[in-house]
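**Q** Predicted coordinates and the sequence they were generated for:
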Amino acid sequence: MDQPLSRRSSIVEKKQRKKRKSFWFSSRVLFVLPAMIYLIAIFLYPIYRTIMMGFQDYSISSIGSGSSPFIGLENYIHLFTQPLMWQVFMNTLYFVLGSIVFQVTIGMALAVFFTKKFPLNSLIRGLLLVPWLLPLIVSGTAFRWILDQSHGVLNWVLMKLHFISEPIGWLVSPDTSLLSTIITNIWVGIPFSMVILYSGLKDIPNELYEAGAIDGCSAWQKFWYITLPSLKPVLAIVLTLALIYTLKVFDIVMILTGGGPANSSQILSTWSYDLSFQQLSFGEGAAVSNIMILISLVFCFFYVKATKE
């Protein structure tokens, strides 16, 4: 009795091994394998290393020696005991909220505007996509010239219109540097909100507006009771993605102000860079990056929930 049972079990084992082997060498797995290797090498492994560095005393000497002692939460404790941490956190909060509110509001207004039929509708809508299509370094350089205190076109126009009597240091004053970065980021992000919201508006059945017109609804009532409720899923996605994209903005701030003056425009992404590559405190820089990852994961959770619904 034992021999037939063992023979059957060995046959079943062989079939299972063959099945596993055929699965890994199937066309479906081989088709996605290059993408899996790319994701692991380019995304997952760097994220893993960043998370680990946040719990290590990783400095410039660690690169040569390969030794980076595990110190637990010391990097995070040191960060949160610094007054600069709270200034950077508030700057990031103002930057994200200020950008999102105006990006989505103006994007919504433009999306509603372009649902109307008028000459050159498509051409103007296409031109408004230019800020989104341009590399951020180009947009940042253009705004650096526009906002320049001595030769910037914005100060020149405001002085010609007699709105100001002397040039404003948009990028060099602690009072206006963060505002300047927010304005630039708003300009860059408006097309994204407009495109997504415009596609959502086109999916709203026209019969709803016709029924509203029969009931005597005004234009504002149609927008409030028909457009907004119908756009709720799209708005949730736009807000979540805009929050994630704005949180990780780096290029614009570095090109315009570099986080200065006096850290007045320093946000989490630029501070992480400053800690890692200026102060060579890689452990603390990684800890700041991990905080950003955690915040992004929270927003990703809401994004997945919104798309699922």
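**A** That came through, no problem.
**Q** Which residue ranges of the chain form strands?
**A** Taking DSSP state E, the chain contains no strands at all.
**Q** In it, where is pLDDT below threshold?
**A** Residue ranges of the chain with pLDDT under 70: 1-27, 63-66, 306-309.
**Q** domains of it?
**A** As assigned by automatic domain parsing, the chain contains the domains 2-53, 82-308.
**Q** deepest of those, which one?
**A** Comparing the domains of the chain by mean neighbour count (mean count of other Cβ atoms under 10 Å), domain 82-308 ranks first with a mean of 17. C-beta coordinates here come from the backbone N, C-alpha and C atoms, glycine included.
**Q** all helices of the stretch 201-309 of the chain, in order?
**A** Using DSSP state H, counting those that start in this stretch, the helices of the stretch 201-309 of the chain run over residues 206-214, 219-222, 228-230, 232-247, 251-256, 268-273, 282-308.
**Q** Okay, angle between the last one and helix 232-247 too, please.
**A** The reference is to helix 282-308. 170 degrees (axes from the mean of the first three to the mean of the last three Cα atoms, to 10 degrees).
**Q** Show me what helix 282-308 packs onto, helices and strands only.
**A** Secondary-structure packing of helix 282-308 (3 or more Cβ pairs under 8 Å, 6 or more residues apart in numbering; DSSP states H and E): helix 45-53, helix 74-80, helix 232-247, helix 268-273.
**Q** Kindly export the first one (C-alpha atoms) in PDB.
**A** Translated: helix 45-53. What follows is helix 45-53, C-alpha atoms only, in PDB (Å, rounded to 0.1, in the frame of the first residue of the first chain):
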ATOM      1  CA  TYR A  45      15.000  48.900  -5.100                       C
ATOM      2  CA  PRO A  46      15.700  52.700  -4.700                       C
ATOM      3  CA  ILE A  47      12.600  53.000  -2.600                       C
ATOM      4  CA  TYR A  48      13.700  50.100  -0.400                       C
ATOM      5  CA  ARG A  49      17.200  51.700   0.000                       C
ATOM      6  CA  THR A  50      15.700  55.100   0.800                       C
ATOM      7  CA  ILE A  51      13.500  53.500   3.500                       C
ATOM      8  CA  MET A  52      16.500  51.700   5.000                       C
ATOM      9  CA  MET A  53      18.700  54.700   4.900                       C
END
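**Q** And the contacts of it?
**A** Applying Cβ atoms under 8 Å, 6 or more residues apart in numbering, the set of residues contacting helix 45-53 from outside is S68, F282, G283, A286, S289, N290, I293.
**Q** one more time with 10 Å, if that's ok
**A** Under the criterion Cβ atoms under 10 Å, 6 or more residues apart in numbering, residues 39-40, 58, 62, 68, 70, 75, 272, 276, 282-287, 289-290, 292-294 lie in contact with helix 45-53.
**Q** can you check the second one too?
**A** Contacts with helix 74-80, where a contact means Cβ under 10 Å, 6+ apart, come from 53-58, 71, 73, 85-86, 88-89, 271, 275, 281-288, 290-291.
**Q** 6 Å instead, please
**A** Applying Cβ atoms under 6 Å, 6 or more residues apart in numbering, the contact partners of helix 74-80 are G54, M85, G283, E284, A287.
**Q** Same list (those) but as CSV, adding distance to T246.
**A** Converted to CSV, these look like this (distance: Cβ to Cβ, whole Å):
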residue, distance to T246
G54, 23
M85, 20
G283, 26
E284, 23
A287, 21
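**Q** of the helices of the stretch 201-309 of the chain, which approaches V188 most closely?
**A** When those are compared by Cβ to Cβ, helix 251-256 sits nearest V188, at 6.9 Å.
**Q** can you give me how far that closest one is from the chain middle?
**A** Mean C-alpha position of helix 251-256 versus that of the full chain (Cα atoms, centre = their mean, to the nearest Å) differs by 15 Å.
**Q** Mind listing residues that contact that helix?
**A** Under the contact criterion Cβ under 6 Å, 6+ apart, helix 251-256 has outside partners L136, I137, G140, R144, L171, T181, T184, N185, T270.
**Q** so which of those comes closest to L110?
**A** Checking the contacts of helix 251-256 against L110 with Cβ to Cβ, the nearest one is N185 at 16.8 Å.
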